[in-house]
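**Student:** Here you go, sequence then predicted model.
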Amino acid sequence: MNRTLLSHFTGLRSLLGRALPALLAITVMAATGALAGIAHAAATVDTIVVKIRDDALPPDARVLPVEFGDLLGAAAAVSLAQIGVERDGAFRLRLTQPLPFVEARAAVNRVRMLPQVLYAQLPDPTVPSASPFLVPGAAQPPVTKMIVKYRDPALSWLSDRDGALDAAQLNRLSVAAGRSFANERAMSGGAFVVRLFQPVPADQAQTLVQSLESVPEIEYAEPDLRMYPTIVPNDSLYGSQQWDLKPPAQSAGGANLPPAWDITTGSSAVRIAVLDTGILPHPDLIGRYLAGYDMIADALVGNDGNGRDSDPTDPGDWITLSENQEPGGYFQGCRVGSSSWHGTHVAGTIGASSNNAQGIAGINWVSQIVPVRVLGKCGGYTSDIADAMRWAAGLTVTGVPGNPNPARVISLSLGGGGACGTTFQSAINAALAAGSLFTIAAGNDNADAKDFSPGNCAGVITVAATQAAGARASYSNHGATVDIAAPGGGDGVGIVSTLNSGTTTANPSGYIYVGYQGTSMATPHLAGIASLMLSANSTLTPAQVLSTIQTTARAFPTGTGRDCTSDLGSVTGTIKYCGAGIVDAGAAVAAVAGGPGATTTLISSSSHPAAAGALVTFTASVTGTSPTGTVTFRDGGVTIATCSAAPLAGVGSTRTATCGISTLATGVHSIVATYNGDAGNATSSSPPLSQTITGAAGSTSTVVSSSANPATAGVLVTFTASVTGTLPTGTVTFRDGGVTI
């Protein structure tokens, strides 16, 4: 069986996601080319992929507008040239000058701060797996269902109304694949789930996809893969040993929550969705849940006697030995074990009641949890999870009532083998656009995270796990796909959270606290911290949250025996890349607290007046709280094309941006500089600067006359300026006693 993200007896947690600003993915190139050379060469980045918000672009735009190219280039501080378009409409851009990995990550984080950007990330530089649906060396159950999306808008309309494919369409699929299909159900995003009459081995899934996509009317096809909570057995830990929340002075691997709590303990306006096994009424979670949903369509997987419904209670996910060994049985090959109560453990880390003199403290004390059940016996299907992503973000899902409590943070402590498919990526993009962010486990296979979905999707926050001393947890996945590390437990010391003692069904009197370890446990730390950031500043986009988390992260400790590095070029056999550092809640919340502060912008000129054809440099001085970002210069309200996004430079509270231009026409120009703001600083514009450009040759004379002299008070007086020169153009400024009228 393929194990990937979560953690049961040792780790839980999830993530968030959904479409908002823009998409930016970066292709990292090792100096020597591929996987074998990355440890010995300085990793460089020469390509980025940027997805702009759909509502900021013309429909189906295939070319990046010039203004966006200038904006992205200014933020990244390197020129960009479009070289292609990704499957989801993202723009693939080449950097005119490759950047070292750490500098590229900083550039990406600057781009993420732009409100037009949906997401930006650093893709893995290593060679993809031979099959996009297999994890090397891992056994995986056979494929029983496929997801298909048609190009015809009428069929998307049919799916959105819970319709079904007709016999002719099913027959066409069956002929193309050489296998028989039956309708399973419609799903979100305009796609359909179809069931195979005879399961297909996982290693044949790619061939099946290619056969179906050979049908011209099919936009894409994917196997409906199972996702799992990754289980790493660990001794139970009772009590309140929450090393994971402590400052680094007390715990090198802690997430530093106390300084964050001094700023905010959460907001009732922010909600966190936990996509997992469902929840139980643990005493330490009473009052912390809002209405959720059971999104598991398969009644056998759901283990509750029915399909989808409004009850997200966890009935247990145990698998018996007889179920595991039954030839042709529904759960043949599934991991044998007791019920994990995984979703309840994850929920406790995020939001267990605090200051109640019992149990543990959750990360967020106020914001409530929306439980969405997607994992049951032997995991859960991609189609259910993708539908749950949309539903959690408040989007429409076929056949399901709307979510009355859309979540800003969506946590997924789960995963499975394979590349990020279109089904997951389209659901994530939609959720990001709606303002929801995803925190997702990197996986527990001590392998490259690039091979585990949905943590390898674009626009999400992918979380690796560290143990109490700050070392990489021995099980944690790693690699360039990882964005950040967080406490997940390891080496016998787990993350203590809420659980139940029942081995199959829940024990009504068996509510306890148990230590689990895994990237499943690291992920809810990020979800909780992200919810505190949004509680402190509700205007943040998902991309800005990730940017801030990375730029405020704490450096990894060294000499741990399993060191992590934040520089891909420093990876060796024993030192793995685990993201930008260990998440620091106090620093991250402080960086965004209070929302954007006021700024002032002033403008000056290098030469006034200046001769036509001479270079004039305008300097904008922006004063705020260490302002970053760009300045736009305008002439008479029209953006100066070469100065649409001039980057700020310098240090301290006042920083400058410049605009040099030598093509201003003869006459008087009104120049205004506008600071575009960042997460901590509001936009502001300078007072207009009057810039005079004189003729390069020859002279002019100006005579002014009046329509009435003298004139009675209140009567309109018209002044006429007559300018004599060599075909003079431009404007005239009238002044009264030296003061411009």
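**Tutor:** That came through, no problem.
**Student:** Show me what Thr720 is bridged to.
**Tutor:** Ser705 (DSSP bridges).
**Student:** How many neighbouring residues does it have?
**Tutor:** 10 (other CB atoms under 10 Å). Glycine gets a C-beta too; all of them are placed from N, C-alpha and C.
**Student:** try Ala657
**Tutor:** 28.
**Student:** where's it relative to Ala74, distance?
**Tutor:** Per CB to CB, to the nearest Å, Ala657 is found 9 Å from Ala74.
**Student:** end-to-end on stretch 430-447?
**Tutor:** End-to-end distance of stretch 430-447: 29 Å, with CA to CA, to the nearest Å as the criterion.
**Student:** Over to stretch 488-498?
**Tutor:** 15 Å.
**Student:** Please identify every residue contacting each of Ala657 and Ala74.
**Tutor:** Residues touching both Ala657 and Ala74 by CB atoms under 8 Å, 6 or more residues apart in numbering: 630, 646-647.
**Student:** Out of these, which comes closest to Asp276?
**Tutor:** Thr630 (40.3 Å; CB to CB).
**Student:** low pLDDT regions in the stretch 351-500 of the chain?
**Tutor:** Applying pLDDT under 70 to the stretch 351-500 of the chain flags residues 355-357.
**Student:** which residues of it fall in helices?
**Tutor:** 382-392, 422-433 (DSSP state H, counting those that start in this stretch).
**Student:** Please identify the most buried of those.
**Tutor:** Mean neighbours per residue, mean count of other CB atoms under 10 Å, is largest over those for helix 382-392, with a mean of 30.
**Student:** the inter-axis angle of that one versus helix 422-433?
**Tutor:** If you take axes from the mean of the first three to the mean of the last three CA atoms, to 10 degrees, helix 382-392 sits at 10 degrees to helix 422-433.
**Student:** Now find how far off-centre helix 382-392 is within its chain.
**Tutor:** Here the centre of helix 382-392 is set off from its chain's centre by 16 Å, with CA atoms, centre = their mean, to the nearest Å.
**Student:** Can you name every helix or strand that that helix contacts?
**Tutor:** Other helices and strands packing on helix 382-392, by 3 or more CB pairs under 8 Å, 6 or more residues apart in numbering; DSSP states H and E, are strand 143-150, strand 226-227, strand 271-276, strand 368-373, strand 409-412, helix 422-433.
**Student:** Columns distance to Gln242 on top of these, output as JSON lines?
**Tutor:** Output for the helices and strands packed on helix 382-392, formatted as JSON lines (distance: least, CB to CB, whole Å):
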{"stretch": "strand 143-150", "distance to Gln242": "40"}
{"stretch": "strand 226-227", "distance to Gln242": "28"}
{"stretch": "strand 271-276", "distance to Gln242": "19"}
{"stretch": "strand 368-373", "distance to Gln242": "18"}
{"stretch": "strand 409-412", "distance to Gln242": "18"}
{"stretch": "helix 422-433", "distance to Gln242": "30"}
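**Student:** Compare those and give me the one nearest Ala107.
**Tutor:** Using CB to CB, the nearest of the helices and strands packed on helix 382-392 to Ala107 is helix 422-433, at 20.2 Å.
**Student:** what helices or strands is that closest one leaning on?
**Tutor:** Under the contact rule (3+ CB pairs under 8 Å, 6+ apart), helix 422-433 is packed against strand 117-121, strand 143-150, strand 218-223, helix 382-392, strand 437-441.
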